[in-house]
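1. One predicted model, sequence on top.
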Amino acid sequence: MPSNTSESSVDTPVLATLSPSRAGDFKQCPQLYKFKSIDKIPTEPTIFQARGTAVHLALERLFQESAEDRTPERLYDLFRTAWTELKKTEYPDLFETVDDERAWGIETLNLLATYFSVEDPTSFEPKELEMDLLVDVDHMTIRGILDRMEEVTEIGPDGAERTVLVITDYKTGKAPKEQYAAKAFFALKIYALLIQIETGVTPDRVRLLYLNGPTELTLDITDAHLDSTREQLAALWGAIEKAITTDNWPTKTSPLCNWCDFKDTICPAWEDERAAAGADA
Ligand code: SF4
């Protein structure tokens, strides 16, 4: 994960780069951004993060195989290999028992089985996999890694065949409820903008592929989306710089706090609840 700040002196961090996921953190809650990107507070790895990392690696490697070898069995093998590697390096103490690890593995394999009901990986060749982007957007340095980009042939509204450029992001969690779906595209719209600036070609569509469900969410990209994403990025960049300068990081509570690593530990917004829970214990 790229660093979002650099130290120009011991006390004054300056925003150097911003990734789509860190921009999303700030949008969700400035204090969350501070904990992760300024204080860099380490968090305990979770089984959900491990699943996401191993599944992404297995799917990346699936597309490095020739098309006829992109079978479910091959994907399961690639997942087992990816997990063996990641367990050694990143998640050595994740599971207390072998049975816990086995149950997690079976659940993950079931998730991977659903992947084949959303798309046929033998039917196209990705143009890019794990594309590392470092792009200047109006003097802001934006960095991120895009899961996949491909061209897809389809029948357009006029009945004629056409080729569309699609960027795809895999998710191992559940799809958001309908009212939150638009927000889920925030990071992918930034990636669409980065691709446009970097290559001169505008992606036609962004696509979120939730394996848990499975659910596919798509959004056809327009110039208005990219203009507004550009404006939002500039506003966020300015707001982060201001927060750094003033050292003012408001908390923004929402249902998403329930998935935040800091709710039960150091987040000031939940201090009273933690104290009350401690008193009841
Ligand atoms: S628990 Fe909620 S308010 Fe606190 S840092 Fe996390 S997202 Fe922000």
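-> Right, received. Where do you want to start?
2. tell me the helices in this structure, going along the chain?
-> 20-28, 30-33, 47-62, 72-89, 98-118, 181-184, 186-199, 223-246, 271-280 (DSSP state H).
3. Mind checking those helices for the one nearest to Gly173?
-> Smallest distance to Gly173 across these (Cβ to Cβ): 6.9 Å, for helix 47-62. The way it works is simple: take the backbone N, C-alpha and C, and place the C-beta from them, glycine included.
4. Make JSON lines from the helices of the chain and add distance to Asn212, mean pLDDT and mean neighbour count to it.
-> Shown next, in JSON lines, are the helices of the chain (distance: least, Cβ to Cβ, whole Å; pLDDT from 0 to 100; neighbours: other Cβ atoms under 10 Å):
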{"stretch": "helix 20-28", "distance to Asn212": "19", "mean pLDDT": "94", "mean neighbour count": "20"}
{"stretch": "helix 30-33", "distance to Asn212": "23", "mean pLDDT": "98", "mean neighbour count": "22"}
{"stretch": "helix 47-62", "distance to Asn212": "10", "mean pLDDT": "96", "mean neighbour count": "19"}
{"stretch": "helix 72-89", "distance to Asn212": "15", "mean pLDDT": "97", "mean neighbour count": "15"}
{"stretch": "helix 98-118", "distance to Asn212": "6", "mean pLDDT": "96", "mean neighbour count": "14"}
{"stretch": "helix 181-184", "distance to Asn212": "14", "mean pLDDT": "80", "mean neighbour count": "14"}
{"stretch": "helix 186-199", "distance to Asn212": "18", "mean pLDDT": "95", "mean neighbour count": "21"}
{"stretch": "helix 223-246", "distance to Asn212": "26", "mean pLDDT": "96", "mean neighbour count": "15"}
{"stretch": "helix 271-280", "distance to Asn212": "29", "mean pLDDT": "86", "mean neighbour count": "10"}
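5. Between those, which one is closest to the ligand.
-> Checking the helices of the chain against the ligand by Cβ to the nearest ligand atom gives helix 30-33 as the closest, at 4.1 Å.
6. how distant is the closest one from the center of its chain?
-> 17 Å (Cα atoms, centre = their mean, to the nearest Å).
7. now for it, which elements pack on it?
-> Using 3 or more Cβ pairs under 8 Å, 6 or more residues apart in numbering; DSSP states H and E, the elements in contact with helix 30-33 are helix 20-28, helix 223-246.
8. if I look at Tyr180, how far off is Phe186?
-> 11 Å (Cβ to Cβ, to the nearest Å).
9. Save the helices of the chain as JSON lines, and put in distance to the ligand too.
-> Formatted as JSON lines, those follow (distance: least, Cβ to the nearest ligand atom, whole Å):
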{"stretch": "helix 20-28", "distance to the ligand": "6"}
{"stretch": "helix 30-33", "distance to the ligand": "4"}
{"stretch": "helix 47-62", "distance to the ligand": "16"}
{"stretch": "helix 72-89", "distance to the ligand": "26"}
{"stretch": "helix 98-118", "distance to the ligand": "25"}
{"stretch": "helix 181-184", "distance to the ligand": "14"}
{"stretch": "helix 186-199", "distance to the ligand": "16"}
{"stretch": "helix 223-246", "distance to the ligand": "13"}
{"stretch": "helix 271-280", "distance to the ligand": "10"}
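10. Need those helices in JSON lines (columns: distance to Arg162).
-> Formatted as JSON lines, the helices of the chain follow (distance: least, Cβ to Cβ, whole Å):
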{"stretch": "helix 20-28", "distance to Arg162": "28"}
{"stretch": "helix 30-33", "distance to Arg162": "40"}
{"stretch": "helix 47-62", "distance to Arg162": "26"}
{"stretch": "helix 72-89", "distance to Arg162": "30"}
{"stretch": "helix 98-118", "distance to Arg162": "22"}
{"stretch": "helix 181-184", "distance to Arg162": "25"}
{"stretch": "helix 186-199", "distance to Arg162": "18"}
{"stretch": "helix 223-246", "distance to Arg162": "18"}
{"stretch": "helix 271-280", "distance to Arg162": "53"}
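11. the longest strand in this protein is where?
-> In the chain, assigned by DSSP state E, the strand with the most residues is strand 140-155.
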